[in-house]
Structure formats: structure tokens, C-alpha cells
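In: Provided below for reference: sequence and predicted model.
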Amino acid sequence: MASKVLLITIMVAAIAAPVFAIDHIVGDESGWKLGVNYTAWAEGKQFYLGDRLVFKYGQGAHNVHRVNGTTFQQCMVPPAPGPLTSGNDVIPLATPGRKWYICGVGNHCASGMKLVITVASTEAPTSAPAPAAGTSAGNHLSPFESSVWMLAALAILKMIRA
Ligand SMILES: *[C@@H]1O[C@H](CO)[C@@H](O)[C@H](O)[C@H]1NC(C)=O
Ligand SMILES: *[C@@H]1O[C@H](CO)[C@@H](O)[C@H](O)[C@H]1NC(C)=O
Ligand SMILES: [Cu+2]
């Protein structure tokens, strides 16, 4: 009995674990464009392994280059690889440490279209902290994911009572 409950708990945890990864929409409602302070946007946010950055912009108006600290400072567009250009660029945060992104169009980078973040060396904690008031942090649970959790909890309760 006890081992059955344990097994189910482990299974549920394994299935549900990825839901804590967050998609960070860069710039929130503003997206990736001129006139947004991305230093301010990143301030106070936690970026965990397994989270994703999503750059949203009008295709052709901007792009996203992944650069290093030096080229970030200088707003230098690297010769290779080419930029992301889809207008809905999703970048998984797969390794810890500092990550730098710039827009390579015109002088947009020098005008502020540059973002530096630090990715934590762990995945998001399972009890994610509530988003700070007044900020639009990424959604941790979609309605679907929440209902998966509810069903899992009910299943465990049933097992325990059986
Ligand atoms: C952007 O925000 C940061 C942090 O809030 C601030 O230090 C910086 O001066 C701002 N930059 C501009 C150009 O307003
Ligand atoms: C940063 O990127 C540039 C352009 O790709 C490259 O020439 C330079 O060696 C890199 N610097 C470091 C510290 O990796
Ligand atoms: Cu741009």
C-alpha cells in the first residue's frame, strides 16, 4: 500500500516537474522593440535552467543575435552564426551563467535593444515563489497543467483511502 502511494507520487512528480519551467516573454507586453529598458525588465527576475526566453517582434523589424560579453558591450554583430529572425524566437536556457542578446538591425543595440541575463545553475524550485506585485512574471501553471495537478492529487487521495 505505502509503496504504491510512493510509486504514484514519484510518477506524478516526474510527469509534472517540467510545468515549473517558465516562458519569459522578453519585454512582457512590449515585446522586443526600441524604447524598452531590458535591464529594468530583467531586474529581479529569476531565470532557471529549463526556462525559455521568447523574443516577440514584427518580423523584419528586429532580430536576435546571441553574443558574448565583449560583443554585447560593443554592440558588435558577430559574423556567425546568423541572427534569429522569426519574430517569435524561443530560446531554451540550457546552460547556467550569463547570456547576452542584442538586436542587429541598424543601431538598435546602441539604442537599448540589448539584454543580459544570468541563468541559475538549477531548475526552478518546485514551490515557485509568487510573482512580485505589479510585475507580470511568466505564468507557472496553465489551466491544463493545473488540472493535471488536481487530478494527480485526487488520485493519490483515493489510493491512500482505498
Ligand atoms: C534602465 O534601467 C536600469 C535599471 O533600472 C537603470 O539603471 C538604467 O539607467 C536604465 N537605462 C535607461 C537608458 O534608462
Ligand atoms: C566574442 O565573439 C566575437 C565574435 O564572434 C569573437 O570574435 C570573440 O573572440 C568572442 N570573445 C570571447 C571572449 O569569447
Ligand atoms: Cu531592433
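Out: Nice, thanks for sending it over. Ligands and ions are numbered 1, 2, ... in the order given.

In: rest of the way, CA atoms for contacts and neighbours
Out: Will do.

In: contacting residues for the residue of the chain found nearest ligand 2?
Out: Nearest to ligand 2, among the residues of the chain, is residue 78, at 4.4 Å (CA to the nearest ligand atom). Going by CA atoms under 8 Å, 6 or more residues apart in numbering, residue 78 touches 65, 67, 71.

In: and what of residue 84?
Out: Contacts of residue 84 (CA under 8 Å, 6+ apart): 63-65.

In: for this protein, just list every one of the strands.
Out: Secondary structure of the chain (DSSP state E): strands located at 23-25, 47-49, 52-56, 65-67, 88-92, 97-102, 114-123.

In: out of these, the one nearest ligand 1 is which?
Out: With CA to the nearest ligand atom as the criterion, ligand 1 lies closest to strand 114-123 of the strands of the chain, at 10.8 Å.

In: and the angle from the closest one to strand 97-102?
Out: Strand 114-123 and strand 97-102 are oriented at 150 degrees to each other (axes from the mean of the first three to the mean of the last three CA atoms, to 10 degrees).

In: packing partners of strand 114-123?
Out: For strand 114-123, the packing partners by 3 or more CA pairs under 8 Å, 6 or more residues apart in numbering; DSSP states H and E come out as helix 38-42, strand 47-49, strand 97-102.
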